[in-house]
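Undergrad: need the 3D shape of this:
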Amino acid sequence: MSPIIKVCGMRDADNIRAVEALRDEFPIDMMGFIFWPHSSRYVAERPAYLPKKVKRVGVFVDETVENVLRITMEYSLDYIQLHGHESPDYIRALSVDGCSPSIIKVFNIATTEDLKQTEPYEGLADFFLFDTKGPSVGGNGQHFDWEVLSDYNGDTPFLLSGGIGPDDVEALSSLTSKKCIGIDINSRFELSPALKDVEAIRRFLSQLLINSIKQ
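TA: Numbers count the residues shown, from 1 in each chain. Down below sits the predicted model:
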């Protein structure tokens with residue numbers, strides 16, 4: 001099964017179209033839109049074009065439940081990604097009238113000990129996303145020690161994030177955790193904040209696909 005590929009931090013309509021067009025060649029599954037005002041990739045107004053062939057993911061940081069649900073409806077989001085200190089009760093509160101939105105809960109990781117944060121969220125999120133613990137909420141552009149992933153014993157599958165770049169094909173191909181079902185790429189594939197280098201993504205995914213076939 002091909003890994004899930006999520007391209008995050010999108011905003012420009014033409015760039016969205018160009019990245020979505022890669023879906024004809026590669027298994028790009030998700031596109032992320034950041035609704036946190038402090039991010040340089042903040043989506044302050046609705047882009048003139050939104051993807052139709054990939055899942056739309058809205059990224060939120062300690063936002064009110066009301067605003068998350070409003071934006072989810074406005075943008076027809078497929079996933080809500082929670083990148084702050086949202087509690088299990090917060091996630092439960094997102095379920096309205098028996099409708100439970102698909103959830104990606106983010107955890108910032110540096111050591112094996114940090115993996116314990118996930119335990120109270122088992123059964124509440126569709127996926128976890130493991131990012132690098134750093135000075136910023138996200139987008140630090142750095143790896144954490146991926147070896148700690150071998151100590152993850154949870155039941156919830158996860159996406160790997162945190163400074164994944166064009167030179168990481170071999171390292172990604174060597175990951176052994178069966179719960180790692182995909183990757184999230186962002187800042188290291190940019191020409192400027194929220195503007196992706198489409199050719200760099202194409203080369204990276206091509207090499208990643210070749211390596212997966214070899215295995």
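Undergrad: which stretches of the chain form helices?
TA: Assigned by DSSP state H, the chain shows helices spanning 13-21, 65-74, 88-93, 169-173, 198-214.
Undergrad: export those helices to CSV and tack on mean pLDDT, mean neighbour count and distance to D155?
TA: For every residue, glycine as well, the C-beta is placed using N, CA and C. Converted to CSV, those look like this (pLDDT from 0 to 100; neighbours: other C-beta atoms under 10 Å; distance: least, C-beta to C-beta, whole Å):
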stretch, mean pLDDT, mean neighbour count, distance to D155
helix 13-21, 98, 17, 31
helix 65-74, 95, 14, 25
helix 88-93, 95, 14, 15
helix 169-173, 92, 15, 23
helix 198-214, 85, 15, 24
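Undergrad: ok, which of those comes nearest T112?
TA: Between T112 and those, the tightest spacing by C-beta to C-beta is seen for helix 169-173, at 18.5 Å.
Undergrad: by contact count, what packs against the closest one?
TA: Using 3 or more C-beta pairs under 8 Å, 6 or more residues apart in numbering; DSSP states H and E, the elements in contact with helix 169-173 are helix 198-214.
Undergrad: can I get the helix it packs on in PDB? Just the C-alpha atoms.
TA: C-alpha atoms of helix 198-214 as PDB (Å, rounded to 0.1, in the frame of the first residue of the first chain):
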ATOM      1  CA  VAL A 198       6.300  21.700  -7.400                       C
ATOM      2  CA  GLU A 199       9.300  20.300  -9.300                       C
ATOM      3  CA  ALA A 200      11.100  19.600  -6.100                       C
ATOM      4  CA  ILE A 201       8.000  17.700  -4.800                       C
ATOM      5  CA  ARG A 202       7.800  15.800  -8.100                       C
ATOM      6  CA  ARG A 203      11.500  14.700  -7.900                       C
ATOM      7  CA  PHE A 204      11.100  13.700  -4.300                       C
ATOM      8  CA  LEU A 205       8.000  11.600  -4.800                       C
ATOM      9  CA  SER A 206       9.400  10.000  -7.900                       C
ATOM     10  CA  GLN A 207      12.500   8.800  -5.900                       C
ATOM     11  CA  LEU A 208      10.300   7.800  -3.000                       C
ATOM     12  CA  LEU A 209       8.100   5.700  -5.300                       C
ATOM     13  CA  ILE A 210      11.200   4.000  -6.900                       C
ATOM     14  CA  ASN A 211      12.600   3.100  -3.500                       C
ATOM     15  CA  SER A 212       9.200   1.600  -2.300                       C
ATOM     16  CA  ILE A 213       9.100  -0.500  -5.500                       C
ATOM     17  CA  LYS A 214      12.600  -1.800  -4.800                       C
END
